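In: The sequence and its predicted three-dimensional model are supplied below.
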Amino acid sequence: MSYFLLLAVNGLVIGLIFALVASGLTLVFSVLKVVNFGHGSLYMLGGYASYYLITALGLPSLAGVAGAMIALFLFGVVFERLVIAPMYTDRVERKDEYAIIVTFGLTILLTNLGLVVFGPFAKSPPSFMAGALIFGPLILPYDRLIAAIVAVVLLVGLTVFLKRTALGQALDAVSQSRESAAVIGIDPRRMYTVAFGLGSALAGGAGALIAPIFALSPSMGDLPAVQAFIIIVLGGMGSVGGSIAGGILLGLVQGLGVGYLPDPNRALAYTQAFGALLLVVTLLLRPTGLFGRSHLRLE
Amino acid sequence: MNRHLHLHLGAALALAMLALPAPPAMAEDPIAIGWVGPLSPPGNYSGGQEMQWAVQLGVDQINKAGGVLGRQIAVTYEDTKGQPAEGSAAAVRLITKDNVSAIIGEFHSSVALAEIEEAHKYGVPWVGTDVWADAITAKQYPEVFRLAPANSLVYVKAADWTAEQGFKNIAIVAENTDFGQGGAKVIADELKAKNVPYTMATVDLNQQDFTPALLRLMSQSPRPDAIQMVIAGQAQYQLVKQACQLGLAPTAQTALIGSSGLLQKEVWEVVGPCAKNLLIVNVAQPKSQWNDKAKDFVKAFTERYNRAPTGVALEAYDTLGVVVEAIRKAGSADRTAIIKALEEIKYEGVNATYSFPTDKTPDWAYHQFKDVPFTIIQYTEENQSPEDAAIVYPKKWATADKILPGK
């Protein structure tokens, strides 16, 4: 039982970080109807932003995370205005292809720029707190505990923001129908910018939270990006709540899968396979994902 | 009539010109050498970068000293991204487009195995820098030479050492590549022969969270008293950090043994105090054995790149040195002549004195440099450099007679 608990708690913690990354991707997809293939590189950028804020400016670790989220929000706003926005005009004919190309381009650009600017050698900001919480059979490094708590705060905050604020409801309205939203006085283009900025901030926040746990490298966003895509399909395309549930579920399934697969030699190497299996089984049982509906709206 | 005659003469002249061989290389044309290695993801680009820097330093030094055979050296660098398909395409480009006399480099065994097929097909010498899979030289291609150790050269000794240390239950954690799986098999076979129990765990190099697998190791009864990682590059950082945070290793109960990726100074930034007491398989001469060339190289590398070279950089620098020496010995940049010269060479580099025997038994021994300097070191203080770390193996170079922390 204690072994199960250890695996489950670790899976939950990692799942919360997955959820944070995926909820940002979902937000962008719901509102802009754009699949942001560059989401992983924003996660990477957030990690480096927090690193330099902490090591160069001397900010406390959590302030570094907040600073990285602000920096990535601004980056997302500028990127959306300069690169995504032309998609809404007549200047771009093949809008879907344009979105795929520019977001893929973002990944290639940022990863290669990262190699040049940040260098090829690994970096890591200092720990949030050294040591581990030991409670009975439970061992949880404080870095992971703090990252999980901050992730919960951010996810709850995001949910409340979307449900309870005028801006959140405006985002929801645009996610349902940009034309109808425009009729009642909501500027869809402004909402696109806000959504892309928020999505970038969430990816950046996840990268900043994970930085002391793993290490920073220009390619660190590749795997989380793949996992985020699995999660948003798993949770139901366009559902923030589904992304949160999907992220946690993916973390749990991967952790428990590695812990209990009968072949210990292959268990860890199959980590991503557990995620793929979960996705296939879910889609077989619920083709719209866990919380998905036949129509797309922000939930 | 005259017009027709002129046309015929013109056509004949054009055909004659086409039939003529390409003009011979001018005496001052540089000798083209190709370099292959990972410089971007998903390859281990930090190792590739060190290798490239070392080679460029060597090229600049050789050219400044007048080149070889009165010609400058020009190296074309190809980023193989840790992908076999990229390595194969890069080798073909270097051979057919850049017309290189030899190909050097590579960090990933799986990529090297793709490259040597092209080198073999075109008869181009290929000299591997830091690729360990036995299969590379076991194919016994006449064009393929290797400075780095074969897995069987190093990991048999490493396994023997762990058995001698009295470890009774060893976990082998290996990457899912030709290098990792090959190395793990060598260790496992040796431990089996010595009746030392072991377990194996395979990791994907893209993996970041090793905690579930480490928890599984912790739950084993008995818990492993040594973890041997067969993982190249920086993926080990995560494993070391997570094992330490869980209190698994390196501790008095469980030793943690890694490889060359842990020699880069960033290990202290990423892993922090957890790197203390790490054991590392190192294929570089200990500082006490450095020759003048090694001292000069370390100084020049450190001055130029603001970081000390690890064993990978030494190997890369020597790979270039070996090929240039073969060109000098052959008296030509002809590919076949270089291959012949490499078989006869005895070249003193910064890390060793190289030769490439033609023994065919065991199969991996063909064109395999055998006297690779091999040590197991242990960081005994925080922020220690590999040169200052304790040497626990082999006895002839050992600076410590027991590993830390004591049981």
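Out: Yep, it's here.
In: Which parts of chain A are helices?
Out: Taking DSSP state H as the test, the helices found in chain A are A:2-32, A:39-55, A:61-79, A:95-117, A:142-164, A:166-176, A:178-183, A:188-210, A:222-235, A:240-260, A:264-267, A:271-285.
In: could those go into JSON lines alongside mean neighbour count?
Out: Glycine gets a C-beta too; all of them are placed from N, C-alpha and C. Shown next, in JSON lines, are the helices of chain A (neighbours: other C-beta atoms under 10 Å in any protein chain shown):
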{"stretch": "helix A:2-32", "mean neighbour count": "25"}
{"stretch": "helix A:39-55", "mean neighbour count": "26"}
{"stretch": "helix A:61-79", "mean neighbour count": "21"}
{"stretch": "helix A:95-117", "mean neighbour count": "16"}
{"stretch": "helix A:142-164", "mean neighbour count": "18"}
{"stretch": "helix A:166-176", "mean neighbour count": "19"}
{"stretch": "helix A:178-183", "mean neighbour count": "14"}
{"stretch": "helix A:188-210", "mean neighbour count": "27"}
{"stretch": "helix A:222-235", "mean neighbour count": "24"}
{"stretch": "helix A:240-260", "mean neighbour count": "25"}
{"stretch": "helix A:264-267", "mean neighbour count": "17"}
{"stretch": "helix A:271-285", "mean neighbour count": "16"}
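In: right, and the ones you listed - which one's nearest chain B?
Out: Among the helices of chain A, helix A:240-260 comes nearest to chain B, with 3.7 Å by C-beta to the nearest C-beta.
In: Next, the angle from the closest one to helix A:166-176.
Out: Orientation check (axes from the mean of the first three to the mean of the last three C-alpha atoms, to 10 degrees): helix A:240-260 against helix A:166-176 gives 80 degrees.
In: Please find the angle between the direction vectors of helix A:240-260 and helix A:188-210.
Out: For helix A:240-260 against helix A:188-210, the angle by the same axes, to 10 degrees is 30 degrees.
In: Any residue of helix A:240-260 touching chain B?
Out: Yes. Using C-beta under 8 Å from any C-beta of the partner chain, we find that helix A:240-260 touches chain B at A:254-259.
In: circling back to that earlier point, what would the helices of chain A look like in CSV with mean pLDDT?
Out: Shown next, in CSV, are the helices of chain A (pLDDT from 0 to 100):
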stretch, mean pLDDT
helix A:2-32, 94
helix A:39-55, 97
helix A:61-79, 98
helix A:95-117, 93
helix A:142-164, 96
helix A:166-176, 94
helix A:178-183, 92
helix A:188-210, 97
helix A:222-235, 93
helix A:240-260, 94
helix A:264-267, 90
helix A:271-285, 93
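In: Could I get these in CSV, plus columns for distance to B:K168?
Out: Shown next, in CSV, are these (distance: least, C-beta to C-beta, whole Å):
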stretch, distance to B:K168
helix A:2-32, 22
helix A:39-55, 40
helix A:61-79, 41
helix A:95-117, 44
helix A:142-164, 31
helix A:166-176, 59
helix A:178-183, 67
helix A:188-210, 36
helix A:222-235, 36
helix A:240-260, 24
helix A:264-267, 18
helix A:271-285, 29
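In: out of these, which comes closest to B:D79?
Out: helix A:95-117 (10.3 Å; C-beta to C-beta).
In: Centre of the chain to that closest one, how far?
Out: Computed by C-alpha atoms, centre = their mean, to the nearest Å, the chain-centroid distance of helix A:95-117 equals 17 Å.
In: That helix and chain B, any residue contact?
Out: Yes. Part of helix A:95-117 sits near chain B under the criterion C-beta under 8 Å from any C-beta, namely A:111-112, A:115.
In: ok, so of those residues, who is nearest B:Y155?
Out: Distance to B:Y155, by C-beta to C-beta, is smallest for A:L115 among these, at 31.3 Å.
In: so that closest one makes contact with B:G43?
Out: No. A:L115 is not in contact with B:G43 according to C-beta atoms under 8 Å; the separation is 11.3 Å.
In: circling back to that earlier point, please name whichever of the helices of chain A is nearest to B:P373.
Out: Here helix A:95-117 is closest among the helices of chain A (C-beta to C-beta), at 30.9 Å.
In: and that closest one, what does it pack onto?
Out: Using 3 or more C-beta pairs under 8 Å, 6 or more residues apart in numbering or on different chains; DSSP states H and E as the contact test, the elements touching helix A:95-117 are helix A:39-55.
In: tilt between the helix it packs on and helix A:188-210?
Out: 60 degrees.
In: and helix A:39-55 with chain B, contact?
Out: No. Helix A:39-55 lies apart from chain B when judged by C-beta under 8 Å from any C-beta; the minimum separation is 9.3 Å.
In: Output that helix as CSV - backbone C-alpha positions only.
Out: C-alpha atoms of helix A:39-55 as CSV (Å, rounded to 0.1, in the frame of the first residue of the first chain):
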residue,chain,number,x,y,z
HIS,A,39,3.7,25.4,-26.9
GLY,A,40,6.6,23.3,-25.7
SER,A,41,9.1,26.0,-26.7
LEU,A,42,7.1,28.5,-24.5
TYR,A,43,7.5,26.1,-21.6
MET,A,44,11.3,26.0,-22.3
LEU,A,45,11.4,29.8,-22.5
GLY,A,46,9.6,30.1,-19.1
GLY,A,47,12.2,27.9,-17.5
TYR,A,48,15.0,30.0,-18.8
ALA,A,49,13.2,33.2,-17.9
SER,A,50,12.9,32.2,-14.3
TYR,A,51,16.5,31.0,-14.3
TYR,A,52,17.8,34.4,-15.3
LEU,A,53,15.4,36.3,-13.1
ILE,A,54,16.6,34.3,-10.1
THR,A,55,20.3,34.0,-10.9
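In: packing partners for that helix?
Out: When contacts are defined as 3+ C-beta pairs under 8 Å, 6+ apart, helix A:39-55 sits against helix A:2-32, helix A:61-79, helix A:95-117, helix A:188-210, helix A:222-235.
In: Distance check, the residue nearest to A:V35 when sequence neighbours are not counted against A:G242.
Out: Once flanking residues are discounted, A:V35 sits nearest to A:F29: 5.9 Å by C-beta to C-beta, 6 or more residues apart in numbering or on different chains. Separation of A:F29 from A:G242 (C-beta to C-beta, to the nearest Å): 12 Å.
In: Kindly report the same for B:T211.
Out: For B:T211, the distance to A:G242 - C-beta to C-beta - is 26 Å.
In: B:A313 now?
Out: Separation of B:A313 from A:G242 (C-beta to C-beta): 49 Å.
In: Equivalent analysis for A:G199, please.
Out: Distance, A:G199 to A:G242, by C-beta to C-beta: 15 Å.
In: repeat for B:A112
Out: Note on B:A112: its distance to A:G242, by C-beta to C-beta, is 44 Å.
In: Then B:G58?
Out: Computed as C-beta to C-beta, the B:G58 to A:G242 distance reads 56 Å.
In: wait, what's in contact with B:A91?
Out: By C-beta atoms under 8 Å, 6 or more residues apart in numbering or on different chains, the contact list for B:A91 reads B:34, B:36, B:78, B:103, B:114-115, B:118-119, B:124, B:126.
In: Just the closest of these to B:A54, please.
Out: B:V36 (14.3 Å).
In: Now for residue 221, how many residues are close by?
Out: Just going to use chain A. Neighbourhood size, A:G221 [other C-beta atoms under 10 Å in any protein chain shown]: 29.
In: actually it's chain B I care about, not the one you picked
Out: For B:S221, the count of nearby residues is 5 (other C-beta under 10 Å).
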